[in-house]
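1. The sequence and its predicted three-dimensional model are supplied below.
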Amino acid sequence: MLVNASLLQQHNESLLATHQLKLAANKAELENAEKVIGLLSDFQVAIPSWALGTGGTRFGRFSGGGEPRDLEEKMADVALLHQLNRSSGAISLHIPWDIPGNPEKVRTLAEQYGLRFDAVNSNTFQDQPGQKLSYKFGSLQHVDKAVRQQAIEHNIEVIKHGVELGSESLTVWLSDGSCFPGQLNFRKAFQRTLEGLQEIYAALPADWKMFVEYKAFEPNFYSMTVGDWGQSLLYAQKLGPKAFTLVDLGHHLPNANIEQIVSLLLMEGKLGGFHFNDSKYGDDDLTVGSINPYQLFLIFNELVEGMNARGMNHARDLGWMIDASHNVKDPLEDLLQSVEAIKIAYAQALLVDADALNAAQEMNDVVQCQEILQNAYRTDVRTLVAEASLRSGGALQPLQVYREAKVRKHLIRERGEKTVATGL
Ligand SMILES: [Mn+2]
């Protein structure tokens, strides 16, 4: 469902006077306010299909009601988010959970909603019903060539689905690894995985990218075969120019300096994409910016600095996506919060005075460096984010409209109390 246009308009009108006062104050204080608003309007964050339903833990899953039951309903949910914030104009599919039955129909629907298809995601971390061979001991790393071949074929199948929908990238996340010392020969596991990735890479269309996502631990707890950015970069370098590292914020060991990782990957031209979420302990899949918004800002600061250094287009040259799914919030409300947090951090990073920071760094003026960063971080940019949404036809306060329109109540009436959106 989409929100009634007149309700959206009423909402914006009711907040407009106060909004304009705040905007005038922002513009008086920030000389690049207009530029920031323009960049925010261009910025789009892809929504993963699996975040539209309530996530679970290995202990249980509590359905929220009104969750999308199929791909069309998932697209409808993303279209609603995009209607409200004008920044969620892309959807990332998971195969086999979201195999498009009728690609042509799905494409037409996406066009009607103004959505495009972001990276398609393969799945060799689960056994599917009727699957011939098991991934219990890994997929591309497996000691049995037949299992490796099955995983390669699945990834090529995923590319085909993506091509049908107009997607331009494949994200490969492997759960491969080992749970106990001695279980695996690290070198053989790496080589087998590389060979598999090479076959998948060879099946990529000319204008496609492959994102190699890493993760420090879980589901394997002793070693992961793509365990950190060094290993991912090694694969990406060996694969070729269409292969890139994908950084998922939750896939690091505690206290890792993710902003430094981002900076160096950008320097090497090997940062391909991003999965946003937040965490306190591990891969917690919590709402972006809910635990450590300063870290998110520092990451964006390096992204902006690094992209500018390479003359990259902020909105188009990297894949931006949310990857979170948990179990206590309305997933759509959570996604509105996530996108808002991303735009806030991005806007704050755009406020960093790069020349002044560079000058302070060259003078070893450590205090001034911190002042410059924190001055940007402590600026309230919410009005700039709201203005970008308003100018693009969205809501000044997307979450508020979502609640005023009683979206979840309508969705439950339409789809029922107990529906399941993900394949977990
Ligand atoms: Mn991820």
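-> Sure, I can see it. Computed from a predicted model, the values in this text were never measured in an experiment.

2. Pull the number of nearby residues for residue 288.
-> Look at residue 288: counted by other CB atoms under 10 Å, it has 26 neighbours. Yep, even glycine has a C-beta here, placed from its N, CA and C like the rest.

3. Tell me the secondary structure at it.
-> coil (DSSP: H, G, I helix; E, B strand; the rest coil).

4. So it sits against residue 275, correct?
-> No. Using CB atoms under 8 Å, residue 288 is not in contact with residue 275; the gap is 9.9 Å.

5. which residues do these two both contact?
-> 249, 322 (CB atoms under 8 Å, 6 or more residues apart in numbering).

6. quick one, phi/psi of residue 278?
-> Reported as degrees, to the nearest 10, the phi and psi values for residue 278 are phi -140, psi 160.

7. So which bits of the stretch 251-400 of the chain are right by the ion?
-> Taking CB under 5 Å from the ion, the part of the stretch 251-400 of the chain that reaches the ion is made up of 275, 323.

8. what ranges do the strands span in the stretch 251-400 of the chain?
-> 271-276, 319-322 (DSSP state E, counting those that start in this stretch).

9. contact partners of the first one?
-> Going back to what we said before, that points to strand 271-276. Identification of contacts with strand 271-276 by CB under 8 Å, 6+ apart yields 45, 119, 169, 171, 209-211, 213, 236, 243-251, 262, 265, 288, 296, 306, 318-324, 338, 342.

10. now do 7 Å
-> Strand 271-276 is contacted from outside by 119, 209, 211, 244-249, 262, 265, 288, 318-323, 338, 342, using CB atoms under 7 Å, 6 or more residues apart in numbering.

11. ok, now the last one?
-> Outside of strand 319-322, the residues that reach it under the criterion CB under 7 Å, 6+ apart are 44-48, 51, 92, 118-119, 169, 211, 272-277, 288, 335, 338.

12. Show me those residues that map onto helices.
-> Using DSSP state H, the subset of the contacts of strand 319-322 located in helices is 335, 338.

13. who are the neighbours in contact with residue 420?
-> Counting by CB under 7 Å, 6+ apart, residue 420 has contacts 53, 63, 67.

14. at 10 Å instead, please
-> Residue 420 sits next to 53, 54, 56, 61, 63, 67, 68, 69 when contact means CB atoms under 10 Å, 6 or more residues apart in numbering.

15. Please apply the same query to residue 358.
-> Contacts of residue 358 by CB under 10 Å, 6+ apart are 305, 369, 372.

16. Figure out which of the strands of the stretch 251-400 of the chain is closest to residue 105.
-> Shortest separation from residue 105 across those is recorded for strand 319-322, at 24.1 Å, computed as CB to CB.

17. Tabulate the CA atom coordinates of the closest one in PDB.
-> What follows is strand 319-322, C-alpha atoms only, in PDB (Å, rounded to 0.1, in the frame of the first residue of the first chain):
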ATOM      1  CA  GLY A 319      26.500   0.000  -3.500                       C
ATOM      2  CA  TRP A 320      24.600   1.200  -0.400                       C
ATOM      3  CA  MET A 321      22.400  -1.200   1.400                       C
ATOM      4  CA  ILE A 322      20.900  -1.900   4.800                       C
END
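
18. How about the residue of the stretch 51-200 of the chain found nearest the ion: what's its closest non-neighbour residue?
-> Ranking the residues of the stretch 51-200 of the chain by distance to the ion (CB to the ion) places residue 173 first, at 6.0 Å. Residue nearest to residue 173 in three dimensions, not counting chain neighbours: residue 213, with 4.0 Å by CB to CB, 6 or more residues apart in numbering.

19. So what's the residue count around the one you found?
-> 21.

20. What's opposite it in the beta bridge?
-> residue 173, residue 246 (DSSP bridges).

21. Any idea how far the worst-scoring helix or strand of the chain on mean pLDDT is from the middle of the chain?
-> Across the helices and strands of the chain, mean confidence by mean pLDDT, DSSP states H and E is lowest for strand 56-57: a mean of 78. Taking CA atoms, centre = their mean, to the nearest Å, one finds strand 56-57 lying 19 Å from the centre of the chain it belongs to.

22. Identify the residues contacting it?
-> Outside strand 56-57, the residues within contact range by CB under 10 Å, 6+ apart are 62, 63, 284, 285, 325, 326, 327, 420, 422, 424.

23. quick check, nearest of these to residue 81?
-> residue 325 (14.8 Å).

24. Quick check: nearest residue in space to that closest one, chain neighbours excluded?
-> Nearest residue to residue 325, sequence neighbours excluded (CB to CB, 6+ apart): residue 55, at 3.2 Å.

25. my guess is that neighbour meets residue 334, correct?
-> Yes. Assessed by CB atoms under 10 Å, residue 55 is found in contact with residue 334 at 9.5 Å.

26. all helices of the stretch 151-300 of the chain, in order?
-> Using DSSP state H, counting those that start in this stretch, the helices of the stretch 151-300 of the chain run over 186-202, 229-239, 258-267, 293-309.

27. mind checking the longest helix of the protein?
-> Counting residues, the longest helix found in the chain (DSSP H) is helix 5-29.

28. Dihedrals phi and psi, the most far-flung residue of the chain relative to its centre?
-> Farthest-out residue of the chain from its mean C-alpha position, per CA atoms, centre = their mean: residue 363, at 36.9 Å. Dihedral pair for residue 363: phi -90, psi 0, per degrees, to the nearest 10.

29. how about it, what does it touch?
-> For residue 363, counting by CB under 10 Å, 6+ apart, the contacting residues are residue 369.

30. Quick one: the strands of the stretch 251-400 of the chain as JSON lines, columns for mean neighbour count and mean pLDDT too.
-> Converted to JSON lines, the strands of the stretch 251-400 of the chain look like this (neighbours: other CB atoms under 10 Å; pLDDT from 0 to 100):
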{"stretch": "strand 271-276", "mean neighbour count": "25", "mean pLDDT": "96"}
{"stretch": "strand 319-322", "mean neighbour count": "24", "mean pLDDT": "97"}
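
31. So for residue 346, which of these sits nearest?
-> strand 319-322 (9.3 Å).

32. Could you find the closest non-adjacent residue to the residue nearest to the spatial centre of the chain?
-> Nearest to the mean C-alpha position of the chain, by CA atoms, centre = their mean, lies residue 321 at 1.9 Å. Excluding its sequence neighbours, the residue lying closest to residue 321 (CB to CB, 6+ apart) is residue 46, at 4.2 Å.
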